[in-house]
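**Student:** Generate a structure from the sequence data that follows.
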Amino acid sequence: MKFKPSFSNIITYLVLISLTLVFLAPFVWTVFTSVKPNSEIYSQTIRLFPMKPTFTHYERVINKMQDFPKFFFNTVSITFWTLLLIVLLATTSGYTFGVIPFKGHKLFLAFILLVLTLPYALYLIPVYLMLDSINVINTHLALILPYAALNLPMSILIMRGSFKRIPKELEEASIIDGCTIFQTWWHVMLPVVKPSVAVVIVLAFINVWGEFMYGRTLTNSPDAQTLAIGITFLRDEAASWQFGPLSTAITLSIIPPFIIFVAMQKYFVKGIIEGALKG
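**Tutor:** Residues are numbered from 1 along each chain as shown. Have a look, this model is predicted:
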């Protein structure tokens, strides 16, 4: 039996394809601009595809922009340790809230929801004062701690929902077999919620990798600044943007999030679908 798409399905697909093209257009334009010579970038004739592709801008950014490798390494290091901290705290807290009831847990959940309703900019000055009091301003730790704290509320709620959906019998069986709470969490419960962990990792990675406001405020040295900050330094002597190197730096900064999403796409999509069906 052949599938005959209805008119509504055709309209839905057309809308989805159109939205996809709209969202991809800036990325595609940036990638092609990164391999255009300056004569084409500043030409009055607008072209998407470069007539004479060149990798001059890549050589300039990687070789001549001395701090670019440092910005990249800082971003990788800060993102890695932030994600490690988020996953550890979100999975343990989510397990506690979802599986181990304790007095006052609803109050804690209400507080987490309250934190989610407030804009991140509201915490900037208090966070700066606290970090300054312990002398960690302008270090990796100055970004790791607030990044982890800002992404934890949503991550905890995601993990709590996942642990809560696991049948109680699975936990009881592990306890009967002699597992401790930690062993139950690590060997039994955590493998079941891997898709939700992937969701937490991908969402937190995107938030941390491209964050600008906290990074610009809490750091002022290339030794601690990230790619999002370093890209803003791509200006010439007249303080105007250099669109070739700028597009190149943006393209290079997009590659790691793209790789992470592709690598975890299977678990990410599964986690989103499970949350929609069971949540």
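**Student:** burial of the closest residue to residue 206 other than its chain neighbours, as a residue count?
**Tutor:** Among residues not flanking residue 206 along the chain, residue 257 sits closest, at 5.8 Å (C-beta to C-beta, 6 or more residues apart in numbering). Every C-beta, even on glycine, is put in place using the N, C-alpha and C of the backbone. The number of residues packed near residue 257 is 16, by other C-beta atoms under 10 Å.
**Student:** top helix in the protein by residue count?
**Tutor:** Longest helix of the chain, by residue count under DSSP state H: helix 243-278.
**Student:** Summarise which helices and strands that helix is packed against.
**Tutor:** helix 7-34, helix 38-41, helix 56-59, helix 68-99, helix 141-164, helix 194-209, helix 227-230 (3 or more C-beta pairs under 8 Å, 6 or more residues apart in numbering; DSSP states H and E).
**Student:** Would you check that residue 31 makes contact with residue 251?
**Tutor:** Yes - between residue 31 and residue 251 a contact is recorded at 5.3 Å, counting by C-beta atoms under 8 Å.
**Student:** more neighbours, these two?
**Tutor:** Each of residue 31 and residue 251 has its neighbours counted (other C-beta under 10 Å); residue 251 has more, 19 against 14.
**Student:** Relative to residue 161, how far out is residue 171?
**Tutor:** Per C-beta to C-beta, to the nearest Å, residue 171 is found 16 Å from residue 161.
**Student:** Repeat that for residue 75.
**Tutor:** Relative to residue 161, and taking C-beta to C-beta, residue 75 is found at 30 Å.
**Student:** if you count what's nearby, which of the two comes out ahead?
**Tutor:** The neighbour comparison of residue 75 against residue 161 (other C-beta under 10 Å) goes to residue 75, with 24 against 18.
**Student:** which residues touch the more buried one?
**Tutor:** Going by C-beta atoms under 8 Å, 6 or more residues apart in numbering, residue 75 touches 209, 226-228, 253.
**Student:** Domain ranges for this structure, per the record?
**Tutor:** Here the domain parsing of the chain from automatic domain parsing is 1-54, 65-278.
**Student:** returning to that earlier point: mean confidence (pLDDT) on the longest helix of the chain, please.
**Tutor:** In this model, helix 243-278 has an average pLDDT of 80.
**Student:** related to what we said a few turns ago, could you single out the most deeply buried of the domains of the chain?
**Tutor:** domain 65-278 (a mean of 17; mean count of other C-beta atoms under 10 Å).
**Student:** wait, residue 81 sits on residue 140?
**Tutor:** Yes - if you go by C-beta under 8 Å, residue 81 and residue 140 touch, sitting 7.3 Å apart.
**Student:** shaky segments in this structure?
**Tutor:** Residue ranges of the chain with pLDDT under 70: 1-5, 64, 235-241, 272-279.
**Student:** In it, which residue is most central in space?
**Tutor:** Residue closest to the mean C-alpha point of the chain, counted by C-alpha atoms, centre = their mean, is residue 206 at 1.6 Å.
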